[in-house]
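>>> Sequence first, predicted coordinates after that:
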Amino acid sequence: MGLWRDFPRRLADATGLRRSSTAARGTASRCGRHARTVRYMHEEAELLPEILAAAEIDDPVLVGHSDGASIAIIHAGSGGKARALVLERRTCSPRKMGLRSIANAREAYERGDLRQRLAKHHRDVDAAFWGWNRPWLDPEFASGTSRSSCRASSRPSWWCRASRMSTGRRSRSTPYSVAQPTQGSAPSRCGHSPHKDQPEATLRGIADFVRRCV
């Protein structure tokens, strides 16, 4: 969550809603080293009701980025509680993401400085990185078996357009499908993390959606 800096607090202030944060990768060491399966997003979605219950949240607006957006969709699509969804850079489809970018991330982790940079934000950086990278590059994941229930929800949704994983370049992105009713869109000309690349525009977009739909 450190990578989000003050964005969660500012979003809570802008919407008037209390915030509760969970970062599955940040606590990856609890799962055992490199323990994630190709269904890890579904497994995280299955844990979400327990997390919400422990936090005494009965009617959440789920804000998810990347895998977190996919986890939110899986949760809501399976009948889980959610008044609305805020989805940044959903990652259900490896074809849309770009498996080459994920392979490049592996190279940067093994030979570059990516491991050192990520270590600032993860208790067990190897479990966090490989628990994400290996499932995505697993043929079973790419075949679609791990994404079978990554379907859209009928909840009101504010969404940011999908893109290939950013390696520092900014690119115009392509919309993905979310079931109606949807409301609005984040800035399309940004990298993989709109809350970091264009925080003011992203904050305004989400806050306006919450005011109108929630």
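On my side now, so go ahead.

>>> Any idea how many residues pack against the spatially closest residue to Gly2 that is not a sequence neighbour?
Nearest residue to Gly2 in three dimensions, chain neighbours excluded: His121, at 4.9 Å (CB to CB, 6 or more residues apart in numbering). Heads up, the C-betas are built off the backbone N, CA and C, glycines and all. Neighbour count of His121, defined by other CB atoms under 10 Å: 15.

>>> again with Asp113
9.

>>> do you know how far it is from Glu107?
Look at Asp113 and Glu107: by CB to CB, to the nearest Å, they are 12 Å apart.

>>> Equivalent analysis for Trp159, please.
Distance of Trp159 to Glu107, computed by CB to CB: 30 Å.

>>> who's more crowded, the two?
With neighbours defined as other CB under 10 Å, Trp159 and Glu107 compare such that Trp159 has more, 25 against 10.

>>> The more buried one and Arg89 touch, don't they?
No: using CB atoms under 8 Å, Trp159 is not in contact with Arg89; the gap is 9.4 Å.

>>> so what's Asp138 up against?
Contact analysis of Asp138 by CB atoms under 8 Å, 6 or more residues apart in numbering lists Val38.

>>> for the protein, which spans come out with low pLDDT?
Judged by pLDDT under 70, the chain has its weakly predicted residues at 22-34, 91-97, 142-153, 161-190.
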